[in-house]
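**Q** Using only what follows, build the 3D model:
(chains A and B)
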Amino acid sequence: MKTAVTSYGNKITVNKKRVKISAVNVVATVIFAVYCLGIIVPLLYGFSISLQTRAEYINFAYFPSVPQFKNYITAWRDLDSMGNSVPVMFLNSLWFSFGTVIVNVLCSAFTGYIVAKYKFPGRNFIYYFAIITMMIPIIGALPSQIKYVAALGGYNSPLYVLVMTLGVGGSFIIFYSTFKGVDWGYAEAAFIDGAGHFTIFFRIMLPQVIAPMSALALTDFISAWANVETPIIFFPDLPTLASGLFNYETIVIKQDIFPTYYAGLFTCMLPTVLLFVIFQKNLMDIQIGGGLKG
Amino acid sequence: MEKNRKRKREYSNLPKGMRKGAYLFCYILAIPAIYGIIKYFIINSQSILMAFSEGELFSSPFTLDHFKRLFSEFAFDSVTGNPGPIFIATKNTLVYFGVSIVQQTLSYFVAYFLYKKIPGHSVFRFILFLPAVIAPVISVSVFKNLIRVEGPIWNIWEKLTGNGYDDLLVYDTTATKTIVAYCLLQGFGTSFLILVGAMNRIPEEIIESANLDGCKTFGEFIHIIFPLTWGTFSVFLLLTVAMIFTSSGPILYFTNGGAYTYTLGFWIFDQVRGNSTNYPAAIGVFFTVIGIPIVLIVRFITNKIDTEVTY
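**A** Coordinates of the predicted model:
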């Protein structure tokens, strides 16, 4: 039994749905538990290395005798990639990740909304363009992309985010199907009250999709934060934490300073894990209805 | 018919003055999309031109040499009998494509059991998404450390079999298999969450009435859950097929392409890193052209199966 409060302030008791314990569920639970251990144990092992001394690591210790938290300070102070310290790489990760999220989510929301809710010349073209490019990705456009980015001044510059991310939006289809499901009656009521199109979009429609929007923002942030290939190719002189630490691995292997390196890696992981823990409920709201029509 | 009626209801209710303003509003919001479309055509037409030219665009003559080279590097060497690099890259790419299909299918079952709220489902959901949160540069490094010679897994293996193993990432017989094992251990991305969302949207009444009619777990899955979530699942299947020639594992972090582990995507990335541009562009154009009919056929099939059910 669970107690809930209605919008009128009355307390009601809700019967919580009971989980059926069947043989299939028990087997599934065991399989899930084993699989999840396979995910968790390596992370704990990595974390353990980040707290070991160099000697403990070389001698294949599983756990540190005394946790070396100073490894984290050493990582922030000593690790660098082509003259860029960890704090600098951290800043590079921030502009790249936040820039990508803001541009991609807003572009997807703009396009998804107008295509789902308005009728204007070119609407179908945008819709089919988005669907076709999603279904048929052009392979090997990387050399051409570099020339394009360089021509617009985005090579080795934060301008890259604007030059390459601006577009129809990678999450167009999710916003399109979400806005399709939002009742147009709200907009009509607002029009009658004298609201304009922008007011309706930003103050009425966008807040209604805030949950899937924040979920998409979170997934975009995570993938941008983890991206190594893009910084290596498009802004090699501005390494992010992920690309910088990847570059640093060769030095780590030579000098066998894995504990410090792992402290750096786990620092890199912290922002995304924190965001995930805080916003994990929003992530469960990503939904797409129907198939790809047209 | 119903669709048209719905659309009419959406637009015709706008006051007349608003309809004029609507065009301006739409085109202002469409600016990023218009830029994206122009960018797409510039980048891809440039890529096609690069595939057919030797050096700088517009100043070097038309050539088919890149495609001749592609075919020669796809074939087996007549002297040694070894496969060419493009053949190896294609073979590895298809291996990772198979892994993606397996992962998509498994993610559907994972979503189903999470939807059925098996014991510990919220903890499982959290942990299963965790690999998607952690940068591959971290998880691969930890995985490499786990399987290193004289590392934890090696020690367990030695205790079980009496023998250790050689470095798994050095030999072509084990390197790709090791990366595949890592990929299978890396969860299911966001797809299983979206599938759970789709399953949660199924009205409870449908499930309850089926249960009252004597429908058991298997019947419920086959006759209710699967048809009602096919639309969402087919999108994932189609997107996976669309990535057929770009499928890859984290090659860069594991071997940097060594031990014949490179895929087409990695090979192109590696060539571009080495300042080669026109030949990778030709390879891209070639595999895009091959990929188009495959995607269209799969899309035709998925649309045929589509039950067109809305709920």
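**Q** residue contacts, residue 183?
**A** Chain wasn't specified; assuming chain A. Residue A:183 makes contact with no residue, according to CB atoms under 8 Å, 6 or more residues apart in numbering or on different chains. Every residue, glycine included, has its C-beta placed from N, CA and C.
**Q** if you could check chain B rather than the one you did, that'd help
**A** Counting by CB under 8 Å, 6+ apart, residue B:183 has contacts B:96, B:99, B:103, B:249, B:250.
**Q** and those near chain A, which?
**A** Counting by CB under 8 Å from any CB of the partner chain, nothing from those sits close to chain A.
**Q** all helices in the stretch 51-200 of chain A, in order from the N-terminus.
**A** For the stretch 51-200 of chain A, helices defined by DSSP state H, counting those that start in this stretch occupy the ranges A:54-58, A:70-78, A:86-117, A:123-135, A:142-151, A:160-165, A:172-180, A:185-192, A:197-199.
**Q** Kindly report the same for the stretch 201-311 of chain B.
**A** B:204-212, B:217-220, B:226-242, B:251-254, B:264-273, B:278-305.
**Q** is chain A contacted by the last one?
**A** Yes - counting by CB under 8 Å from any CB, chain A is contacted by helix B:278-305 at B:278, B:280-285, B:287-288, B:291-292, B:295, B:299, B:302-303.
**Q** what's the residue of the stretch 151-294 of chain A found nearest chain B sitting at in phi/psi?
**A** Closest to chain B within the stretch 151-294 of chain A is residue A:167: 2.5 Å, counting by CB to the nearest CB. When read as degrees, to the nearest 10, the backbone of residue A:167 gives phi 170, psi -160.
**Q** Next one, pLDDT for it please.
**A** With respect to pLDDT, residue A:167 has a value of 90.
**Q** Check residue A:61 too.
**A** For residue A:61, the pLDDT comes out at 85.
**Q** Find the residue closest to it in space, skipping its chain neighbours.
**A** Closest residue to residue A:61 apart from its sequence neighbours, by CB to CB, 6 or more residues apart in numbering or on different chains: residue A:52 at 6.0 Å.
**Q** what's near enough to touch the one you found?
**A** The contact partners of residue A:52, by CB under 8 Å, 6+ apart, come to A:61, A:63, A:64, A:68, A:259.
**Q** returning to that earlier point: okay, the helices of the stretch 201-311 of chain B in a markdown table with mean neighbour count and mean pLDDT next?
**A** Formatted as a markdown table, these follow (neighbours: other CB atoms under 10 Å in any protein chain shown; pLDDT from 0 to 100):
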| stretch | mean neighbour count | mean pLDDT |
| --- | --- | --- |
| helix B:204-212 | 12 | 88 |
| helix B:217-220 | 14 | 85 |
| helix B:226-242 | 20 | 87 |
| helix B:251-254 | 22 | 93 |
| helix B:264-273 | 22 | 91 |
| helix B:278-305 | 18 | 89 |
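**Q** what's the neighbour count on the nearest residue to residue B:85 once chain neighbours are set aside?
**A** Excluding its sequence neighbours, the residue lying closest to residue B:85 (CB to CB, 6+ apart) is residue B:73, at 5.4 Å. Counted with other CB atoms under 10 Å in any protein chain shown, residues neighbouring residue B:73 total 17.
**Q** can you tell me the residue of chain B closest to chain A?
**A** Counting by CB to the nearest CB, chain B gets nearest chain A through residue B:284, at 1.5 Å.
**Q** Surely that residue is in contact with residue B:46?
**A** No - counting by CB atoms under 8 Å, residue B:46 is not a contact partner of residue B:284; they are 11.6 Å apart.
**Q** Of all the helices of the stretch 201-311 of chain B, which one is nearest residue A:217?
**A** Of all the helices of the stretch 201-311 of chain B, helix B:226-242 sits nearest to residue A:217, with 20.2 Å by CB to CB.
**Q** what packs against that closest one?
**A** Counting contacts by 3 or more CB pairs under 8 Å, 6 or more residues apart in numbering or on different chains; DSSP states H and E, helix B:226-242 packs against helix A:123-135, helix B:85-115, helix B:191-200, helix B:278-305.
**Q** Restrict the first one to CA atoms and write it as CSV.
**A** This file holds the C-alpha atoms of helix A:123-135, laid out as CSV (Å, rounded to 0.1, in the frame of the first residue of the first chain):
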residue,chain,number,x,y,z
ARG,A,123,7.5,21.1,-44.5
ASN,A,124,7.4,17.7,-46.2
PHE,A,125,10.8,18.2,-47.7
ILE,A,126,12.3,18.8,-44.2
TYR,A,127,10.5,15.7,-42.9
TYR,A,128,11.7,13.4,-45.6
PHE,A,129,15.2,14.8,-45.6
ALA,A,130,15.4,14.1,-41.9
ILE,A,131,14.1,10.6,-42.3
ILE,A,132,16.2,9.7,-45.3
THR,A,133,19.5,11.1,-43.9
MET,A,134,18.8,9.1,-40.7
MET,A,135,18.1,5.9,-42.7
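**Q** tilt between that helix and helix B:226-242?
**A** With axes from the mean of the first three to the mean of the last three CA atoms, to 10 degrees defining the directions, helix A:123-135 sits at 70 degrees from helix B:226-242.
**Q** buried stuff in helix A:123-135?
**A** Residues A:126, A:127, A:129, A:130, A:131, A:133, A:134, A:135 are the ones in helix A:123-135 that count as buried (16 or more other CB atoms under 10 Å in any protein chain shown).
**Q** Number of residues surrounding the nearest residue to residue B:284 once chain neighbours are set aside?
**A** Among residues not flanking residue B:284 along the chain, residue A:140 sits closest, at 1.5 Å (CB to CB, 6+ apart). The number of residues packed near residue A:140 is 30, by other CB under 10 Å.
**Q** Equivalent analysis for the one 4 residues further on, please.
**A** A count of nearby residues for residue A:144, using other CB under 10 Å, gives 25.
**Q** Spatially nearest residue to it (excluding sequence neighbours)?
**A** Per CB to CB, 6+ apart, closest to residue A:144 is residue B:47, 3.9 Å.
**Q** on that earlier part again, can you put the helices and strands packed on helix B:226-242 in TSV and add distance to residue A:78?
**A** Listed next are these as TSV, based on distance: least, CB to CB, whole Å:
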stretch	distance to residue A:78
helix A:123-135	44
helix B:85-115	36
helix B:191-200	38
helix B:278-305	37
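**Q** Out of the ones you listed, the one nearest residue A:175 is which?
**A** That would be, of these and by CB to CB, helix A:123-135, which comes in at 10.3 Å.
**Q** in chain B, which residue is closest to the centre?
**A** Most central in chain B under CA atoms, centre = their mean is residue B:240, positioned 4.4 Å from the mean C-alpha point.
**Q** which residues does that residue contact?
**A** The neighbourhood of residue B:240, defined by CB under 8 Å, 6+ apart, consists of B:97, B:100, B:101, B:104.
**Q** So which of the helices of the stretch 51-200 of chain A is nearest residue A:281?
**A** Taking CB to CB, helix A:172-180 is the member of the helices of the stretch 51-200 of chain A nearest to residue A:281, at 17.0 Å.
**Q** Figure out how far the closest one is from the centre of its chain.
**A** How far helix A:172-180 lies from its chain's middle: 18 Å, per CA atoms, centre = their mean, to the nearest Å.
**Q** Run the angle between it and helix B:191-200 for me.
**A** Note on geometry: by the same axes, to 10 degrees, helix A:172-180 and helix B:191-200 are set 20 degrees apart in direction.
**Q** which SSE is residue B:57 in?
**A** Secondary structure assignment for residue B:57, by DSSP states H and E: no helix or strand.
**Q** That one touches residue B:47, doesn't it?
**A** No - assessed by CB under 8 Å, residue B:57 is found out of contact with residue B:47, at 10.4 Å.
**Q** Which of those two has more residues huddled nearby?
**A** More crowded of residue B:57 and residue B:47, by other CB under 10 Å: residue B:47, with 27 against 13.
**Q** Could you say which helix or strand holds that one?
**A** Element membership of residue B:47, judged by DSSP H and E, is helix B:31-51.
**Q** hmm, who's touching that helix?
**A** Helix B:31-51 has contacts (CB under 8 Å, 6+ apart) with A:103, A:106-107, A:110-111, A:126, A:129-130, A:133, A:138, A:140-141, A:143-145, A:147-148, A:166-169, B:57-58, B:66-67, B:277-278, B:281-282, B:284-286.
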